[in-house]
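**Student:** structure for this input, please:
(one chain, ligands or ions: 1)
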Amino acid sequence: MSKSVTRFLKKSLIGEGNFGQVFLALDQETSVHVALKIESSNDTSCQLINEATVLKNIQGGVGIPKFITSGQSGDRNYLAIELLGPSLEDKFLENDKKFAVAVILDLGEQILSRLQYLHSKQYIHRDIKPRQFLLGPAEDPSTIYLIDYGLTKSYIIEKSNAHIPYMENRPFVGTAYFASLNTHQGIEQSRRDDLESFCYILAYFCSGELPWMPKIKIKTTETKILVKKMTSSPIDLFKEAPSEFLQIMIYVKSLQFEEKPNYEYMNSLFQAAKRRENINGHTLNWSISTENNFERHKMTHLSTNSKSGLKNKIRKNKRSMSHKLKRSRKKTNGLAADSIIVSKSCLKQIQSFIQTSDYDFSKTLEIKEMPEFKNRDILLKKIGSAMKVQQFLSIPKSRTEDIDNLDNHKIASEEPSAKSACEQTNCKLF
Ligand SMILES: Nc1ncnc2c1ncn2[C@@H]1O[C@H](COP(=O)(O)OP(=O)(O)OP(=O)(O)O)[C@@H](O)[C@H]1O
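**Tutor:** Residues are numbered from 1 along each chain as shown. Have a look, this model is predicted:
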């Protein structure tokens, strides 16, 4: 090993991702423990080199791990960073997949702030999930840190200072459970995709699961995840959550490819929820009882006033989404950015075409590891041609008695909802 890497004395393996290993190591120059990430330098993706560059460029932000050093030693790349605490996924599992509403609101606010900072530095993360958020070091345990910048990319072209162009048929990059729908469909990622993953984190923390996560340990495929994701209503996703989360999701889903998200608006929704709950400051008290926490937030339990307020907001959002959708259809030959084609035969094809996969969809994946999705065109073709499922604009009537009067968006009358599409084709998604 080169002189620089012998600076670190490896103590134990902290974790292993798809792209390398992370060790607890002693920095012999400073006598401080650090996290030492090591990847094979034969790996063509060279994620660690990318991660080191990004980390150096974003140093100084709240919740950004300190960069210590990086380099190459023999056939391995290494990166030493500040040693942090357990991940939010670890904490969630430790708490039997239950967090108090105060904790979720605090986490949500902090995660949003990390994304705002990263985006302000012209980067998108592209692999947002609970495992990427770590509790701070011993002296700063209530700050949440964002890690793993291996797949991070600048959304600004350096030469022209312009936003990267909208593209389709892009390889899959990210983690299937938390990836945005557009990412599954091969659309180039932008700021909105980090935010959609963020919404899935919120839903996961509120419900303890996501509808597309298998209930038991069975093999799944990206297609199954995608189809289930497409056909899950956001109302169901956030049925056990503060109503503001649904508003955030609706807002995020309305963002255009290049659009700068309004982080202040999303933050104001967290603040509103916190005020209602009488929550002040940091509240990462993991041991708070979570009993009946969310019952009060279910839509069916909203007071008449807040119900009509919410209805108005949803109606307003839908109008604007409907408008944007029409615009985006014009741009994409009638195929809205978030729509996909599904037919009866296609769903059968999906089941037979893609056999069970050995990949762990809770782990970061890159296209080269997913042979069935080397070419996104194949996915879209295989998913058929008869029926458009306009996800996230569909609110299945049976499930929304309280918002029944909502002028159930013009889009739904033009196109069958995801649920009715499945009923008509008599298909079982899983
Ligand atoms: N600075 C750090 N301090 C403490 N633990 C860390 C640090 N960086 C990473 N880890 C831990 O190391 C483990 C491996 O991290 P890594 O990001 O490589 O993989 P992963 O996120 O588990 O998997 P993948 O990214 O492939 O989905 C994680 O459990 C993470 O919590």
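**Student:** just checking, residue 54 touches residue 149?
**Tutor:** Yes. Residue 54 is within contact range of residue 149, at 4.1 Å (criterion: Cβ atoms under 8 Å). Using the backbone N, CA and C atoms, a C-beta is placed for each residue, glycine as well.
**Student:** which of those two has more neighbours?
**Tutor:** Each of residue 54 and residue 149 had its neighbours counted (other Cβ atoms under 10 Å), and the higher figure belongs to residue 149 (27 against 21).
**Student:** gap between that one and residue 77?
**Tutor:** Distance, residue 149 to residue 77, by Cβ to Cβ, to the nearest Å: 14 Å.
**Student:** for residue 184, same thing?
**Tutor:** Counting by Cβ to Cβ, the separation of residue 184 from residue 77 is 29 Å.
**Student:** in this structure, which helix or strand is least confident?
**Tutor:** Ranking every helix and strand in the chain by mean pLDDT, DSSP states H and E puts helix 410-414 at the bottom, with a mean of 24.
**Student:** quick one: name the residues of the chain near the ligand.
**Tutor:** For the chain, the residues in contact with the ligand (Cβ under 6 Å from any ligand atom) are 14-15, 17-20, 22, 35, 65, 81-84, 87, 131, 134, 147-148, 175, 363-364.
**Student:** let's see which of those end up in strands.
**Tutor:** The members of the residues of the chain next to the ligand that map onto strands under DSSP state E are 14-15, 17, 20, 22, 35, 81-82, 134, 175, 364.
**Student:** of these, buried ones?
**Tutor:** The neighbour-count criterion (16 or more other Cβ atoms under 10 Å) marks 14, 17, 20, 22, 35, 81-82, 134, 175, 364 among those as buried.
**Student:** and those residues, which two are furthest apart?
**Tutor:** Largest separation among those by Cβ to Cβ: 82 and 175, giving 23.2 Å.
**Student:** next one, pLDDT for residue 232 please.
**Tutor:** On pLDDT, residue 232 comes in at 88.
**Student:** and if you look at residue 186?
**Tutor:** Looking at residue 186, its pLDDT stands at 89.
**Student:** isn't there a strand covering it?
**Tutor:** No. Remark: residue 186 does not belong to a strand; assigned using DSSP: H, G, I helix; E, B strand; the rest coil, it is coil.
**Student:** low-scoring stretches of the stretch 251-400 of the chain, by residue?
**Tutor:** Under the criterion pLDDT under 70, the flagged ranges of the stretch 251-400 of the chain are 282-283, 287-362, 365-400.
**Student:** tell me the contacts of the closest residue to the ligand within it?
**Tutor:** Residue of the stretch 251-400 of the chain nearest the ligand, by Cβ to the nearest ligand atom: residue 364 (3.6 Å). Residue 364 makes contact with 17-19, 127, 148, 150-151, 174-175 under the criterion Cβ atoms under 8 Å, 6 or more residues apart in numbering.
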